[in-house]
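Asker: no letters, just coordinates:
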């Protein structure tokens, strides 16, 4: 697969993605297509679901 942003080849592998919400962060280990040239990533299926759950958890936490 080629990157939709820069057209360079993408690599499907497992990496840690950081989710940010109002100054708080969570790290999620996901499999996705990654572009090492422009840092674009394509998340689908289980990876997208894991990231959404991490975001919703951060959003539900009270702000300090």
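Answerer: Arrived safely, thanks for sending. Remember, predicted model here, so these are calculated numbers, not experimental data.

Asker: confidence score at the closest residue to residue 4 other than its chain neighbours?
Answerer: Sequence neighbours aside, residue 40 is the residue nearest to residue 4 in space, at 6.9 Å (criterion: Cβ to Cβ, 6 or more residues apart in numbering). (Each C-beta comes from the backbone N, C-alpha and C, glycine too.) As predicted, residue 40 sits at a pLDDT of 96.

Asker: okay, now residue 40: neighbour count?
Answerer: Residue 40 sits with 15 neighbouring residues when counted by other Cβ atoms under 10 Å.

Asker: can you pull the contacts of it?
Answerer: Residue 40 makes contact with 3, 4, 5, 6, 10, 34, according to Cβ atoms under 8 Å, 6 or more residues apart in numbering.

Asker: only the buried subset of these, as a ChimeraX command please.
Answerer: Buried subset of the contacts of residue 40, written as a ChimeraX selection, criterion 16 or more other Cβ atoms under 10 Å:
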select :3,10,34
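
Asker: and the residue nearest to residue 4, how far from residue 10?
Answerer: Residue 40 sits 8 Å away from residue 10, going by Cβ to Cβ, to the nearest Å.

Asker: so what sits against both of those two?
Answerer: The contact sets of residue 40 and residue 10 overlap at 3, 34 (Cβ under 8 Å, 6+ apart).

Asker: report how many residues lie close to the nearest residue to residue 24 once chain neighbours are set aside.
Answerer: Leaving out its chain neighbours, the residue that sits closest to residue 24 by Cβ to Cβ, 6+ apart is residue 58, at 5.2 Å. Other residues lying near residue 58 total 16 when counted by other Cβ under 10 Å.

Asker: same thing with residue 19?
Answerer: By other Cβ under 10 Å, 19 other residues sit near residue 19.

Asker: and the helix or strand encompassing it, which residues are buried?
Answerer: Per DSSP states H and E, residue 19 falls inside strand 11-21. Of all the residues in strand 11-21, those buried under the rule 16+ other Cβ under 10 Å are 17, 19, 21.
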